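Peer 1: Sequence below, structure please.
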Amino acid sequence: MPENILVTGGCGFIGANLVRTLAERGLVRSIRVIDDESRGRRDAIAPYDAEFVKGDIRDRDLMRRALRNVDAVVHLAADTDVIDSITNPERNFDINVAGTFRLLMLMREMDVPRLVNASTGGAILGEARPPVHEEMVPHPTSPYGAGKASVEAWCSAFAASYGFASVSLRFSNVYGPMSFHKGSVIASFMRRILDGVPLTVYGDGSQTRDYIFVDDLCEGIVAAMTAGKPGVFQLGSGAGTTLDRLIELIAEVACPGRRPDVRYEPFRTGEIRHNWTDVTRAREQLNWTPRTSLPDGLALTWSWFRDHALSQPPGRRLSRQPARRTP
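Peer 2: Below is the predicted model:
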């Protein structure tokens, strides 16, 4: 396990939960976080002993300072909105692909040898027959997916050419506490239930996704850093859940005895209809297994949303921050 970690995008949903995991378990000697606070906030990591650097990963001088005396980087900073990447592919490329390439170059320059790169499964593989696995040929259906596939390739190339210990983790749909600002489906549905407005489903509700609780995901990141295994790994629950079933499960914890009002809209371009993961490689090579069931994870997430709802200003619950979360 590396001793001194830099987490890019460390004030975001996954980053803040990872910082909590690392700090509470005493897994590393020092944690440094870089984030521009465009989505996440410094307050999310305030309870933990982590150094905060505010800025953009595309700022070379700032990144040189952030990488000083670091043993490994967990790279979470990204423009993660699939639909926005279709509207503005150039910005998505500049943040996700060019930004990560510059990070790799600086890591090489400063002799930082280890990288855990946050990737994605569905957007890279496209409409593949699930369960998806690491040996499938990528067929991206959005600029976001194309960018993440490109970044995986660059990480692989730097590992082979320069001796990096590089691993790309393909996250499935992550949910859990500290996701109030997220545009993901579970966060969006819970905000809407709190505000008493209908849920919006793009499609007929039969589309499937793989939902992984954020604590399990953070354990997967830790396992990847500890195992030191190169390559690509899927991190998910290993099961597919339809949107209609997801709504039923959320209703059981958020509004028992009734189904929320749901409005169905046409499918959106660039989104995958069916996707869930085969996590065999992560189980065998990283010694990692997801432990939180979807009903249990939703109960924990709803409890957090309910407890933190009053701290959100009027109108903030339904609106998202700008799609860009790149430090």
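Peer 1: Spell out the residue ranges of the strands in this structure.
Peer 2: Remark: strands assigned in the chain by DSSP state E are 4-8, 30-35, 51-54, 72-75, 114-120, 165-171, 173-175, 199-202, 208-209, 211-213, 231-235, 241-242, 262-265.
Peer 1: Name the strands paired with the third one and say parallel or antiparallel.
Peer 2: Applying DSSP bridges to the sheet, strand 51-54 is found paired with strand 30-35 (parallel).
Peer 1: For His308, find the nearest of the strands of the chain.
Peer 2: strand 173-175 (14.7 Å; Cβ to Cβ). Where C-beta positions appear, they are placed from N, C-alpha and C, glycine not excepted.
Peer 1: for that closest one, packing partners?
Peer 2: Under the contact criterion of 3 or more Cβ pairs under 8 Å, 6 or more residues apart in numbering; DSSP states H and E, strand 173-175 touches helix 185-195, strand 211-213, helix 214-227, helix 294-308.
Peer 1: again, only using 6 Å
Peer 2: Taking 3 or more Cβ pairs under 6 Å, 6 or more residues apart in numbering; DSSP states H and E as the contact definition, the neighbouring helices and strands of strand 173-175 are strand 211-213.
Peer 1: could the strands of the chain go into CSV alongside mean pLDDT?
Peer 2: Supplementary listing: those in CSV, determined by pLDDT from 0 to 100:
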stretch, mean pLDDT
strand 4-8, 98
strand 30-35, 98
strand 51-54, 97
strand 72-75, 98
strand 114-120, 96
strand 165-171, 96
strand 173-175, 96
strand 199-202, 95
strand 208-209, 94
strand 211-213, 98
strand 231-235, 96
strand 241-242, 97
strand 262-265, 96
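Peer 1: Buried residues, stretch 10-24. List them.
Peer 2: Along stretch 10-24, these residues count as buried under the neighbour rule (16 or more other Cβ atoms under 10 Å): 10-23.
Peer 1: Quick one: low-confidence residue ranges for this protein.
Peer 2: 310-327 (pLDDT under 70).
Peer 1: Residue ranges of each domain in it, please.
Peer 2: For the chain, whose domains are defined here by automatic domain parsing, the residue ranges read 4-173+213-235, 175-209+239-277+292-311.
Peer 1: Out of those domains, which is closest to Glu284?
Peer 2: Once those are compared by Cβ to Cβ, domain 4-173+213-235 is nearest, at 9.9 Å.
Peer 1: Next, the distance between the ends of the closest one.
Peer 2: Start to finish, the residues bounding domain 4-173+213-235 are 24 Å apart (Cα to Cα, to the nearest Å).
Peer 1: What lies in contact with the lengthiest helix in the chain?
Peer 2: In terms of residue count, the longest helix belonging to the chain (DSSP state H) is helix 143-162. When contacts are taken as Cβ atoms under 6 Å, 6 or more residues apart in numbering, the neighbours of helix 143-162 outside the stretch itself are 82, 85, 89, 92-93, 96-97, 100-101, 104, 108, 117, 119-120, 123-124, 138, 140, 164, 166, 168, 230.
Peer 1: now it against strand 231-235, angle please.
Peer 2: Between the direction of helix 143-162 and that of strand 231-235, the angle (axes from the mean of the first three to the mean of the last three Cα atoms, to 10 degrees) works out to 140 degrees.
Peer 1: Now do the buried residues in helix 143-162.
Peer 2: 143-152, 154-156, 158-159.
Peer 1: ok, the residue nearest to Pro198 when sequence neighbours are not counted to Arg192 distance?
Peer 2: Counting by Cβ to Cβ, 6 or more residues apart in numbering, Pro198 lies nearest to Asp261, which is 4.1 Å off, once chain neighbours are set aside. The span separating Asp261 from Arg192 equals 9 Å under the rule Cβ to Cβ, to the nearest Å.
Peer 1: do Ser156 as well
Peer 2: To Arg192, Ser156 is 40 Å away according to Cβ to Cβ.
Peer 1: ok, back up a step: look up phi and psi at the residue nearest to Pro198.
Peer 2: Dihedral angles of Asp261 (phi, psi; degrees, to the nearest 10) stand at phi -70, psi 130.
Peer 1: I figured it hits Gly196, correct?
Peer 2: No - assessed by Cβ atoms under 6 Å, Asp261 is found out of contact with Gly196, at 9.1 Å.
Peer 1: anything in contact with each of those two?
Peer 2: Shared contacts of Asp261 and Gly196, counting by Cβ under 6 Å, 6+ apart, come down to nothing at all.
Peer 1: which residues are contacting stretch 54-68?
Peer 2: By Cβ under 6 Å, 6+ apart, the list of residues contacting stretch 54-68 from outside reads 6, 8, 34, 36, 53, 77, 99, 103, 106, 110, 112, 327.
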